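Colleague: with the sequence up front, the predicted model follows.
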Protein chains: 2
Amino acid sequence: MGSIALGSSCDFRIEDMLVKEEDIDRASRSLKAISHPLRLKILCVLGDKEVSVQDIVDNVGTSQSNISQHLAILRDKGILASRKDANRVYYRVGDYRTLRLISMMQEVFCSAPH
Amino acid sequence: MGSIALGSSCDFRIEDMLVKEEDIDRASRSLKAISHPLRLKILCVLGDKEVSVQDIVDNVGTSQSNISQHLAILRDKGILASRKDANRVYYRVGDYRTLRLISMMQEVFCSAPH
DNA sequence: TTATTGTATTTGTCTATACTAATATACTAC
DNA sequence: GTAGTATATTAGTATAGACAAATACAATAA
């Protein structure tokens, strides 16, 4: 009871789901940071690569100021890490867990089969 | 290149990640609906069960009005389904994909090992 | 040094969201 | 019918978020 078969390699138990307030608050903070179209697109543009702000601006398509503000939000929440090289700043997804979550969301939300 | 090994049973390819505006908008709308502490807690209280509003109120811990408003948001976004039985209304997570996502978030965000 | 490029921050404004309190609706029981 | 219970909705207010425009900062190039 409480176990749902989801496929050959991925089951989960309901009892293991998030229960602690602390976990819930942390998860909702991170999700809130991710759940904005531009920020989600930034994450998708980044993928597992390291990309300069300029390239992010070109790929995402809004003002430099706006991108910078969204990058700050993602950086402050620990979603992104950054590195400065000469004139430019390069951003990357901070950890594997977030990369995994993005991939998972693609599985859940994307229309295209995979 | 572009492939990240995440474990024995779950790899993903960056090229497969969300790219279409449509997918991004849909995902961000759903994530926004989920990324509120009370709504996330509602989802966790529900799990794979069907729970009455009264029981949700008791478990989540805020006013009936507030819960009802959050339930409406989740219902309107298609996250939850509801069923009326006599005096009561029972809510449940609408589809397996969302249940999976909640479980995935638990993997990504929760402190406890699993 | 000044000019230029790349990025960040500040400020103001507009919109969206969250919450409470009160009220409305729907159903049951009597 | 009335009273009571369960849920939804509305209205008002308060807070947070998003965006643009302007400016600041940092590094390089000349």
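Modeller: All right, it came through fine. Numbering: from 1, shown residues only, chains lettered A, B, ... in the order given.
Colleague: give me the number of residues near A:S30?
Modeller: A count of nearby residues for A:S30, using other Cβ atoms under 10 Å in any protein chain shown, gives 21. Where you see a C-beta, it was placed from the backbone N, CA and C, and this is true even at glycine.
Colleague: what strand or helix carries it?
Modeller: helix A:21-34 (DSSP states H and E).
Colleague: double-check that A:Y91 belongs to a strand.
Modeller: Yes: assessed by DSSP: H, G, I helix; E, B strand; the rest coil, A:Y91 belongs to a strand.
Colleague: now it, which residues is it bridged with?
Modeller: Beta bridges link A:Y91 to A:V51, A:S82, judged by DSSP bridges.
Colleague: buried residues in the helix holding A:S30, which are they?
Modeller: Neighbour counts over helix A:21-34 (16 or more other Cβ atoms under 10 Å in any protein chain shown) mark A:D23, A:I24, A:R26, A:A27, A:S28, A:S30, A:L31, A:K32, A:A33, A:I34 as buried.
Colleague: got the residue ranges for the helices in chain A?
Modeller: Assigned by DSSP state H, chain A shows helices spanning A:21-34, A:37-46, A:53-60, A:64-76, A:96-109.
Colleague: just the ones you listed: most buried one?
Modeller: Stretch with highest mean neighbour count among these: helix A:37-46 (a mean of 22; mean count of other Cβ atoms under 10 Å in any protein chain shown).
Colleague: so that helix, near DNA strand D or not?
Modeller: Yes: Helix A:37-46 comes into contact with DNA strand D (Cβ under 7 Å from any atom of the strand), by way of A:L38.
Colleague: distance to B:D95 and pLDDT added to the buried residues of helix A:21-34, as TSV?
Modeller: Listed next are the buried residues of helix A:21-34 as TSV, based on distance: Cβ to Cβ, whole Å; pLDDT from 0 to 100:
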residue	distance to B:D95	pLDDT
A:D23	23	84
A:I24	21	89
A:R26	25	87
A:A27	20	89
A:S28	21	93
A:S30	23	91
A:L31	18	93
A:K32	22	95
A:A33	25	95
A:I34	20	94
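Colleague: now, among these, which is nearest to DNA strand D?
Modeller: A:K32 (6.1 Å; Cβ to the nearest atom of the strand).
Colleague: and that closest one, what is it in contact with?
Modeller: Going by Cβ atoms under 8 Å, 6 or more residues apart in numbering or on different chains, A:K32 touches B:K32, B:S35, B:H36.
Colleague: same check on A:I79?
Modeller: Residues near A:I79 by Cβ under 8 Å, 6+ apart: A:S30, A:A33, A:I34, A:L43, A:V93, A:G94, A:T98.
Colleague: can you count the residues close to the fifth one?
Modeller: Counted with other Cβ under 10 Å, the burial measure for A:V93 works out to 22 neighbours.
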